[in-house]
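A.B. asks: Can you look at this prediction? I've put the sequence above it.
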Amino acid sequence: MSLTEASHALSKTSEVMAGLVERFGPARFGTKPTVGERFEVLSREIAYQQLAGKAAGAIWGRVREQAPEWAPGAVLALGEEPLRCAGLSGAKTRAMLDLATHCEQGSLNLACLGRLSNQEVIDRLSQVWGIGTWTAQMFLIFSLRRLDVWPVGDFGVRRGYGLAHGWTEAPTADELEPLGDQFRPYRSVAAWYCWRATEV
């Protein structure tokens, strides 16, 4: 199922979603990373945790400049100080180094994640200190292209859902969870439209 087809299917679930699809066109998830790029993608997601896009992008740009080839061994060779000096918090530095350690030692095989279920991917990635459900869900959506992930812990998704429906307050994660059932099996695509709804 292509994103265009999924978007078309979503437009039939409600008038609100039909309006979003009409306004923003078919969902676009960007270029799918290769298996070899997964480590860099996860590193970038760590850098972006709990930060606005522009600020996170600036920090990640400085971090990425620390190593010409962004690979587990290269990150471990850098150590803590260059990552902190590039703008990463202590917690994010620890998470990035722990990710590199897991990958370098073989306790986390990023190449095999595409063969696992969504929950199994979340469980594997959550072995890494500082990687939780949100980061794993972003990886599922944008790297593995899983179409039925519903990231209710993401404030942007909650806020966008509320804005699109004319609510004065964003729903809580618990409130949003069952509201996604109408969008199965394309909840990842529905989340993309919720993010777009915040761009008003």
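C.D. replies: Cool, got the structure. Residues are numbered from 1 along each chain as shown.
A.B. asks: nearest residue to the spatially most central residue of the chain other than its sequence neighbours?
C.D. replies: Taking CA atoms, centre = their mean as the criterion, M138 is the residue nearest the geometric centre of the chain, at 1.8 Å. Excluding its sequence neighbours, the residue lying closest to M138 (CB to CB, 6 or more residues apart in numbering) is E45, at 5.4 Å. (Each C-beta comes from the backbone N, C-alpha and C, glycine too.)
A.B. asks: Likewise for G87?
C.D. replies: Nearest residue to G87, sequence neighbours excluded (CB to CB, 6+ apart): I59, at 3.9 Å.
A.B. asks: Any stretches of the chain with poor pLDDT?
C.D. replies: Regions of the chain meeting the criterion pLDDT under 70 cover residues 200.
A.B. asks: max-length helix in it?
C.D. replies: Looking across the chain with DSSP state H, the single longest helix is helix 90-105.
A.B. asks: quick revisit: I'd say the residue nearest to the centre of the chain and P151 touch.
C.D. replies: Yes: under the criterion of CB atoms under 8 Å, M138 makes contact with P151 at 7.3 Å.
A.B. asks: What's the separation between the nearest residue to A67 once chain neighbours are set aside and M96?
C.D. replies: Excluding the flanking residues, the one nearest A67 by CB to CB, 6+ apart is A74, at 4.3 Å. To M96, A74 is 12 Å away according to CB to CB, to the nearest Å.
A.B. asks: ok, the two, which is more surrounded?
C.D. replies: M96 (26 against 15; other CB atoms under 10 Å).
A.B. asks: Verify the contact between the more buried one and G90 for me.
C.D. replies: No: in this structure, M96 is not within contact of G90 by CB under 8 Å, at 11.0 Å.
A.B. asks: tell me what the helix or strand containing E81 is packed against?
C.D. replies: Taking DSSP states H and E as the criterion, E81 maps to helix 80-85. Where contact means 3 or more CB pairs under 8 Å, 6 or more residues apart in numbering; DSSP states H and E, helix 80-85 is packed against helix 90-105.
A.B. asks: What lies in contact with the very next helix or strand once past the helix it packs on?
C.D. replies: Once helix 90-105 ends, the next helix or strand along the chain (criterion: DSSP H and E) is helix 118-125. Residues outside helix 118-125 that contact it (CB atoms under 8 Å, 6 or more residues apart in numbering): 42, 108, 113, 116, 131, 133, 135-137, 139-140, 144, 146, 148-149.
A.B. asks: And for K54, the neighbour number?
C.D. replies: For K54, the count of nearby residues is 7 (other CB under 10 Å).
A.B. asks: go on, D174?
C.D. replies: Look at D174: counted by other CB under 10 Å, it has 8 neighbours.
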